[in-house]
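>>> just a sequence and a predicted model for now, questions to come.
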Amino acid sequence: MDSPDADGLLAEQLLRLTRRVHRIQKHHLETRRLGITPAQSRLLRTLAHYGSPPRMADLAERLEVVPRAVTTLVDALEASGKVRRVPDPTNRRVIRIELTEDGGRALRELHSAHRAAAEDILAPLTDEQRAVLGGLLDTLVDGTSVPADGTSVPADSASVPAGGADAARGPGRDC
């Protein structure tokens, strides 16, 4: 697969798969009538990874978006009762974002919707194909290579911190 044409085809397949995944996830979200957009879903999932309520700037960094985009998402989620703004206990100028009980329920529904979407997407694959796909996706996401013995090693060990690829991504990066 070294030729540019093969790489171009592979890139197109990945883009088509990404669009299909988004369509299926959106369908599962809509059928559950949560009134949550995919972007709001991502923010809720990211928020759940924090041990304590984060600042909006922290969410923006984790989501890799501009802070204004987070403000818009939080406004909508706050209006629907899924999150609330709370003052920072140590700095009254700082506002943190906290998941509400309704937000927690929505998060459980989102998890269920994403699981159903994954089942739809992976349905045509055998268990062996799923295992191979999982290894390939790990390689692409983590930047690791998988030698013939099945162990995983960093593709560029200088770029992976002591905690491994998960530490480099940080909590919530997989959302």
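Nice, thanks for sending it over. Numbers count the residues shown, from 1 in each chain.

>>> which element is residue 86 on?
Element membership for residue 86, per DSSP states H and E: strand 83-87.

>>> adjacent strands (with direction) for that strand?
strand 95-99 (antiparallel) (DSSP bridges).

>>> buried stuff in the partner strand?
The neighbour-count check on strand 95-99 (16 or more other Cβ atoms under 10 Å) flags 96-97, 99 as buried. All C-beta spots, glycine's among them, are computed from the backbone N, C-alpha and C.

>>> and the pLDDT for residue 113?
Looking at residue 113, its pLDDT reads 84.

>>> not counting its neighbours along the chain, what's nearest it?
Closest residue in space to residue 113, ignoring its immediate chain neighbours: residue 28 at 4.0 Å, by Cβ to Cβ, 6 or more residues apart in numbering.

>>> repeat for residue 83
residue 77 (4.5 Å).

>>> one step back: and the gap between the residue nearest to residue 113 and residue 35?
Counting by Cβ to Cβ, to the nearest Å, the gap from residue 28 to residue 35 is 14 Å.

>>> and the residue nearest to residue 113, which of the three is it?
The three-state label given to residue 28 by DSSP: H, G, I helix; E, B strand; the rest coil is helix.

>>> how far away is the residue nearest to residue 83 from residue 37?
Taken as Cβ to Cβ, the span from residue 77 to residue 37 is 10 Å.

>>> quick one, which of the two is more surrounded?
More neighbours surround residue 77 than the other of residue 77 and residue 37, with 25 against 14 (other Cβ atoms under 10 Å).

>>> what about that one, helix or strand, and which?
helix 67-79.

>>> buried residues, that helix. List them.
69-70, 73-74, 76-77.

>>> which one of the residues you listed is nearest residue 59?
residue 70 (4.9 Å; Cβ to Cβ).

>>> do you know the pLDDT at the closest one?
pLDDT at residue 70 comes out at 94.

>>> hmm, it is touching residue 63, no?
Yes. Between residue 70 and residue 63 there is a contact under Cβ atoms under 8 Å: 6.8 Å.
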